[in-house]
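# Following is a predicted model, sequence given first.
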Amino acid sequence: MVARILASLVFLVLLAPASAEEKKRESVGLDRHVAEKLLAANELLAKDQYDGALEIVDALAKRRRLGPPELAQIHRFRGYIHLNQGKMESAAQEFEKSLAQQALDLVAEQGMTYSLAQIYTQLGQYDRALALIDRWFASVESPKPDAYYLKAMILVQQENFRAAVEPAEKAAALSPQPKESWLQLLVAIYGNLKDYPNVAATLERLAALAPGKKVYWVQLAAVQSYLARDAKALATLRLAHEADLLTEDKELRQLARLLYLQELPFQCAKLMEDGLAAGNIATDADSYGLLSNCYLAAREAELALEPLARAAELSSDGERYVLLGQILLQREEFESALDALEKGLAKAKPERRGSVQLLIGVAQLGSERYDLAERAFRAAQGDEKVRRAAESYIKFVQEQRLRHEQQAALRTAWNG
């Protein structure tokens, strides 16, 4: 984060040659020879001839009887040369010496103070940077939005997020069209303060400012979901999906889950089907499980069976096989249910085995295999959670077996 913020730092210092107005101002109160040499150095600086410009300034610095105005401008020019060369620390030293002369006019002093605050921010010397930007604020009547952003950024680097809120908000408020980096900084500040409603509000502004950037839509939906604003999160992701921004597995799954939670199961199922077919959604247990859940919610049990079977096969536990078995039991497809339940039993956790044995007994009972049914129910008796149900089924099995034996005896007697 530090690297991103520093990379967005915009230097408003004199990286280009001084303007005509500045040249005129520099000559006021200066020795004529010094003023001429500084103008010559400025011409070389404009042509990126840094060594030549520095040679002139260094030669001036060796002159005797230089007063504070001359020394201030010499250090100022040398600082600008170093700054253009990327020598931040040297530039900072020269600007400090220039300010120490207390011989610059107010406008030049304000500009150099601001520039020095930026340089120290770039160098990671945040205490110095904060002291300088506060000094700059005290000297100006109408601070510009960029200055509030700079102060907020310095405070963020110091991890003083609460103090950073006010200047960051002012930077955004004072600009008719806040820069994207300013709003990004606000998101970072609100996030560190766990002020998620304001995180969401700022992300909405970022999404409106840069609608083609997927990250803002995805982050906004995530925050809205965290705030239990599922309907808004769904609307956010649907807009992003319609703009063809959602291409990654986790993004498409999140949209599908929201469709499922918001009781739009057919749309959920179509999204999952399309994503799986296109390879944008991985073919794993969770993806097939979500697809089957969507079909079940849509009351399309027939369509849910195949993805549920795939999910069960890929799962590390037996829960999905058990669910498949239950659905097949309801459809009275006892043999298929038995197959699924036995596979589920093989993967089941110890605490779930009794419940699965109970269901296996029901499947055996449906196929009128009473001995096997009773064996499964007796195995289920060891589980306290299903013991009473298992005992009831055992009693029922015994009654059914007795009834069938009586019917068989009657048929034998009748045939005799």
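Everything's here; your move.

# hmm, who's touching stretch 259-267?
Contacts with stretch 259-267, where a contact means C-beta atoms under 8 Å, 6 or more residues apart in numbering, come from 230-231, 234, 268, 271, 290, 293-298. No exception for glycine: its C-beta is placed from N, CA and C like everyone else's.

# For PyMOL, write the select line for the buried members of the residues you listed.
Buried residues within the contacts of stretch 259-267, by 16 or more other C-beta atoms under 10 Å, are selected in PyMOL with:
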select buried, resi 234+268+271+290+293+294+295+296+297+298
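
# any idea how far the spatially closest residue to residue 121 that is not a sequence neighbour is from residue 158?
The shortest distance from residue 121 to any residue that is not its chain neighbour, by C-beta to C-beta, 6 or more residues apart in numbering, is 4.4 Å, and that residue is residue 129. Counting by C-beta to C-beta, to the nearest Å, the gap between residue 129 and residue 158 amounts to 9 Å.

# Which one of these two is surrounded by more residues?
Of the pair residue 129 and residue 158, residue 129 is the one with more neighbours under other C-beta atoms under 10 Å, namely 25 against 14.

# so where's this structure shaky on pLDDT?
Within the chain, the stretches with pLDDT under 70 are 1-29, 408, 416.

# let's see it at 50
Counting by pLDDT under 50, the chain contains low-confidence ranges at 1-28.

# Output the longest helix belonging to it.
Scanning the chain for the helix with the most residues, using DSSP state H, yields helix 387-415.

# Off-centre distance for it?
Between the mean C-alpha point of helix 387-415 and the mean C-alpha point of its chain there is a distance of 63 Å (C-alpha atoms, centre = their mean, to the nearest Å).

# Looking at the contacts of stretch 259-267, which is nearest residue 375?
Nearest to residue 375 among those is residue 296, at 31.2 Å by C-beta to C-beta.

# where's that closest one, which helix or strand?
Under the criterion of DSSP states H and E, residue 296 resides in helix 285-297.

# now for that helix, which elements pack on it?
Of the remaining helices and strands, those touching helix 285-297 by 3 or more C-beta pairs under 8 Å, 6 or more residues apart in numbering; DSSP states H and E are helix 249-261, helix 265-278, helix 301-314, helix 319-330.

# who touches the third one?
In this case it means helix 301-314. With contacts defined as C-beta under 8 Å, 6+ apart, helix 301-314 is touched by 269, 283-289, 291-293, 295-296, 318, 320-321, 323-324, 327-328, 330-331, 340, 343-344.

# Just the buried ones from these, in PyMOL syntax?
The PyMOL command for the buried members of the contacts of helix 301-314 (criterion: 16+ other C-beta under 10 Å) is given here:
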select buried, resi 269+285+287+288+289+291+292+293+295+296+318+320+321+323+324+327+328+340+343+344
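
# one step back: could you dump the helices and strands packed on helix 285-297 to CSV with distance to residue 51?
As requested, the helices and strands packed on helix 285-297 are arranged in CSV below (distance: least, C-beta to C-beta, whole Å):
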stretch, distance to residue 51
helix 249-261, 53
helix 265-278, 59
helix 301-314, 68
helix 319-330, 74
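
# one step back: closest to residue 362 among the contacts of stretch 259-267?
Minimum separation from residue 362 among the contacts of stretch 259-267 (C-beta to C-beta) is found for residue 296, which lies at 20.0 Å.

# quick one: contacts for that closest one?
With C-beta under 8 Å, 6+ apart as the criterion, the residues that contact residue 296 are 265, 304, 327.

# switch to 7 Å and redo it
Contact partners of residue 296, counting by C-beta atoms under 7 Å, 6 or more residues apart in numbering, are residue 304.

# now it: how far from residue 265?
Residue 296 sits 8 Å away from residue 265, taking C-beta to C-beta as the criterion.

# any chance you could map the helices in the stretch 51-200 of the chain?
In chain order, the stretch 51-200 of the chain shows helices spanning 68-84, 88-100, 106-122, 126-139, 145-157, 161-174, 180-192, 196-209, with DSSP state H, counting those that start in this stretch as the criterion.

# Can you give me the buried ones in the second one?
If I follow you right, that is helix 88-100. 91-92, 94-99.

# From the chain's centroid, how far away is the helix holding residue 296?
For helix 285-297, the distance from its own C-alpha centre to the chain's C-alpha centre is 26 Å (C-alpha atoms, centre = their mean).

# then it to PDB, C-alphas only?
Written as PDB, here are the backbone C-alpha positions of helix 285-297 (Å, rounded to 0.1, in the frame of the first residue of the first chain):
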ATOM      1  CA  ALA A 285     -17.500 -30.300  -5.300                       C
ATOM      2  CA  ASP A 286     -18.700 -26.800  -4.200                       C
ATOM      3  CA  SER A 287     -19.500 -25.700  -7.800                       C
ATOM      4  CA  TYR A 288     -21.600 -28.800  -8.500                       C
ATOM      5  CA  GLY A 289     -23.100 -28.600  -5.000                       C
ATOM      6  CA  LEU A 290     -24.200 -25.000  -5.600                       C
ATOM      7  CA  LEU A 291     -25.700 -25.900  -9.000                       C
ATOM      8  CA  SER A 292     -27.700 -28.700  -7.500                       C
ATOM      9  CA  ASN A 293     -28.900 -26.500  -4.700                       C
ATOM     10  CA  CYS A 294     -30.100 -24.000  -7.200                       C
ATOM     11  CA  TYR A 295     -32.100 -26.700  -9.000                       C
ATOM     12  CA  LEU A 296     -33.500 -28.000  -5.800                       C
ATOM     13  CA  ALA A 297     -34.600 -24.500  -4.800                       C
END
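
# quick check: angle from it to helix 301-314?
Note on geometry: by axes from the mean of the first three to the mean of the last three C-alpha atoms, to 10 degrees, helix 285-297 and helix 301-314 are set 160 degrees apart in direction.
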